[in-house]
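Visitor: take a look and give me a structure for this.
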Amino acid sequence: MPWTHRTTEIEGRPAQVLIDDRFRGAAPIRELPRLAWFGVYCQRDPGSAFWDPEESEALDGVEDELIRLCAHAGKGWAAYVLRIASRGLREYYVYIGDSVDFAEVLAGLRGQHPDYRIEYEETEDTSWKRYTSCLPA
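Guide: A predicted model of the protein is given here:
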């Protein structure tokens with residue numbers, strides 16, 4: 001997948017943005033009008049970094065499991081398009097179809113990674129505003 005990576009500021013805070021560019025010309029995708037947000041909070045104090053390097057492997061494991069669970073629950077109607085890391089938090093954004101239910105994703109993720117604080121929210125974003133606001137110029 002053609003991902004772009006950059007460090008920037010979002011709402012006055014340093015942030016690391018990882019975005020899937022393959023949707024740049026296609027967004028918004030009418031069939032994926034809902035936006036799922038997952039917040040994974042670091043366990044260790046990252047100091048001035050986005051996360052403690054010693055926690056990288058564990059956080060990557062949470063991310064891999066999140067992507068796997070979303071793909072399974074989405075049944076072809078989910079697109080993981082964006083990750084934003086800020087100090088102590090990794091945020092994941094997945095656009096989903098109307099029939100997708102991610103309740104099992106959250107439960108599965110919390111079950112596999114009980115030591116992590118993991119939050120979930122869902123909203124309508126038919127214009128893909130969150131995605132397009134993070135695209136590099």
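
Visitor: and for Ala79, the neighbour number?
Guide: 24 (other CB atoms under 10 Å). C-beta here means a position set from N, CA and C on the backbone, and glycine is covered the same way.

Visitor: now for it: which residues touch it?
Guide: Residues in contact with Ala79, defined by CB atoms under 8 Å, 6 or more residues apart in numbering, are 20, 23, 29, 32, 94-96.

Visitor: now list the buried members of those residues.
Guide: For these, burial is judged from neighbour counts taken by 16 or more other CB atoms under 10 Å, and it is met by 20, 23, 32, 94-96.

Visitor: just give me the residue right at the centre of this structure.
Guide: Nearest to the geometric centre of the chain sits Tyr92, at 0.9 Å (CA atoms, centre = their mean).

Visitor: what sits closest to that residue if chain neighbours are left out?
Guide: Phe38 (4.4 Å; CB to CB, 6 or more residues apart in numbering).

Visitor: surely that neighbour meets Ile96?
Guide: No - under the criterion of CB atoms under 8 Å, Phe38 makes no contact with Ile96, lying 11.8 Å away.

Visitor: quick revisit: element containing the residue nearest to the centre of the chain, please.
Guide: Counting by DSSP states H and E, the element that carries Tyr92 is strand 89-96.

Visitor: can you give the strand pairings for that strand, parallel or anti for each?
Guide: Neighbouring strands of strand 89-96 in its sheet, by DSSP bridges, are strand 34-41 (antiparallel), strand 78-86 (antiparallel).

Visitor: of those strands, which is nearest Asp125?
Guide: Comparison of the strands paired with strand 89-96 against Asp125 by CB to CB identifies strand 34-41 as nearest, at 3.9 Å.

Visitor: ok, residues contacting that closest one?
Guide: Contacts to strand 34-41, defined as CB under 8 Å, 6+ apart, come from residues 59, 62-63, 66, 70, 78, 88-98, 100, 102, 105-106, 109, 116-125, 128, 130.

Visitor: need the contact list for the residue of the chain most remote from its centre.
Guide: Among residues of the chain, the one most distant from the C-alpha centroid is Gly47; the distance is 22.1 Å, by CA atoms, centre = their mean. Residues near Gly47 by CB under 8 Å, 6+ apart: none.

Visitor: no further questions, thank you.
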